[in-house]
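Visitor: kindly generate the corresponding structure for this input.
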Amino acid sequence: MNIFKAITLGTAVAVMVGGCTSNKKYTALQNRYDELSKDYNASQVALAESRANARSLETLLEEARRNNADLKRNYEQMQGSLNQSLLQNQQGSINISKLVDEINASNQYIKQLVQAKSKSDSLNMVLTNNLTRSLSREELKEVDVKVLKGVVYISLADNMLFKSGSYEVNSRAMQTLSKIAKIIKDYGDYDVLVEGNTDNMPISRTNIRNNWDLSALRASSIVQVLQNDFGVNPARLSAAGRGEYNPIADNDTDLGRQRNRRTEIIVTPKLDQFLDLIDKAPETDDSAANGN
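Guide: So this is what the prediction gives:
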């Protein structure tokens, strides 16, 4: 009995000891399992994050590749633009050089024109002064002198020379005509054309049919006075009538008609006399030609 009790008690103790040992192992295994589960879960999260990061890196890499391709295209475009600009700049330099040459040539031409104009003005002044030097201030009010291209136009008002509707030269005109005749004789080789002009008012007299007749008769009268009264060589003289068809003003006003009723004495130097006058014309320096 005591032995059985002892054996039974020993067995119970052994079972209890064995049970305690199994519980500890179970607890340890459970704890290990929990740790492994946590590590597994953490590994899964890390894996997911790694995959996500990998996808992000691929996206970034693709984007970088696209940007690189865009940069390459932009570079090629910029290089092409630069090459084109260099080509245009080279062509532009050529064009600018040509333009500068043209401007210089134009400036030289303008300078020559200004010099010629100054020379022409000087020549005109010489002719005008020579042909009007004997006229008084009062006479110059009724005598209009113009010089165009070396030709002198002396315009005399009809009321200074003739009575209205008449072709007879009045005594008042003789003094002025004598001075003009003296100037004409001083330039003995110049041709002289006397030209009569009228307004457009009709005229009809016994010996004058129209303004053609009146203008021609007035020119003829002046020519004969220059020849007969003042000794101008008739071989140098010509007479012409322009009638009403060479007006210099409007015939609709009294003042205009008065200006149109005129006799013009046109003095034309021959070529050698013209060149001689050019030599007499005062020279102009470069500063005057340039307007300084």
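
Visitor: can you map out the helices along the stretch 101-250 of the chain?
Guide: Using DSSP state H, counting those that start in this stretch, the helices of the stretch 101-250 of the chain run over 137-141, 158-161, 171-186, 211-228.

Visitor: may I see those helices organised as CSV, with distance to V192, mean pLDDT and mean neighbour count added?
Guide: Backbone N, C-alpha and C define where each C-beta goes, glycine included. Output for the helices of the stretch 101-250 of the chain, formatted as CSV (distance: least, C-beta to C-beta, whole Å; pLDDT from 0 to 100; neighbours: other C-beta atoms under 10 Å):
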stretch, distance to V192, mean pLDDT, mean neighbour count
helix 137-141, 19, 70, 11
helix 158-161, 16, 89, 21
helix 171-186, 6, 85, 17
helix 211-228, 8, 96, 20
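
Visitor: make CSV from those helices and add distance to V194 to it.
Guide: Putting the helices of the stretch 101-250 of the chain into CSV (distance: least, C-beta to C-beta, whole Å) gives the following:
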stretch, distance to V194
helix 137-141, 18
helix 158-161, 11
helix 171-186, 10
helix 211-228, 5
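
Visitor: out of these, which gets nearest to V151?
Guide: helix 171-186 (14.0 Å; C-beta to C-beta).

Visitor: so what secondary structure elements neighbour the closest one?
Guide: helix 2-132, helix 137-141, strand 151-157, helix 158-161, helix 211-228, strand 262-268 (3 or more C-beta pairs under 8 Å, 6 or more residues apart in numbering; DSSP states H and E).

Visitor: name the residues that touch the shortest one?
Guide: This means helix 158-161. 142-143, 169-170, 172-173, 176-177, 198, 218, 222, 258, 261-263 (C-beta atoms under 8 Å, 6 or more residues apart in numbering).

Visitor: what do you get if the cut-off is 6 Å, keeping everything else the same?
Guide: With C-beta atoms under 6 Å, 6 or more residues apart in numbering as the contact definition, helix 158-161 has outside contacts at E142, V169, A173, R261, R262, T263.

Visitor: could I get the residues you listed as TSV with distance to V232?
Guide: TSV is the format used below for these (distance: C-beta to C-beta, whole Å):
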residue	distance to V232
E142	21
V169	14
A173	15
R261	24
R262	20
T263	15
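
Visitor: and the least confident of those?
Guide: Lowest pLDDT of the contacts of helix 158-161: E142, 68.

Visitor: please name the residues that touch V225.
Guide: Contacts of V225 by C-beta under 6 Å, 6+ apart are V169, L177.

Visitor: rerun that using 10 Å as the cut-off
Guide: By C-beta atoms under 10 Å, 6 or more residues apart in numbering, the contact list for V225 reads L161, V169, A173, M174, L177, S178, A181, V194, V232.

Visitor: quick one: the last one from D189, how far?
Guide: Translated: V232. 12 Å (C-beta to C-beta, to the nearest Å).

Visitor: more neighbours: which of the two?
Guide: V232 (21 against 10; other C-beta atoms under 10 Å).

Visitor: what sits closest to the more buried one if chain neighbours are left out?
Guide: Leaving aside its chain neighbours, V232 sits nearest to L226 (4.2 Å; criterion: C-beta to C-beta, 6 or more residues apart in numbering).

Visitor: that neighbour reaches I180, doesn't it?
Guide: Yes - assessed by C-beta atoms under 10 Å, L226 is found in contact with I180 at 8.0 Å.

Visitor: are there residues contacting both of the two? Which ones?
Guide: Contacts common to L226 and I180, judged by C-beta under 10 Å, 6+ apart, are V192, V232, I265.

Visitor: ok, the second one to R172 distance?
Guide: Read it as V232. 20 Å.

Visitor: same check on the last one?
Guide: When C-beta to C-beta is the yardstick, I265 and R172 sit 17 Å from each other.

Visitor: next, work out how far apart M174 and F230 are.
Guide: The separation that M174 has from F230, given C-beta to C-beta, amounts to 9 Å.

Visitor: could you list the low-pLDDT ranges of the stretch 101-250 of the chain?
Guide: Per-residue confidence for the stretch 101-250 of the chain (pLDDT under 70) gives these ranges: 106, 108-135, 139-142, 149-150.

Visitor: go again with 80.
Guide: 101-152, 183, 186-189, 204 (pLDDT under 80).

Visitor: coming back round to it: report the separation between the residue nearest to V232 and S37.
Guide: For L226 relative to S37 (C-beta to C-beta), the value is 145 Å.

Visitor: which of the contacts of V225 sits closest to S81?
Guide: So of those, ranked by how close each gets to S81 (C-beta to C-beta), first place is V194, at 76.8 Å.
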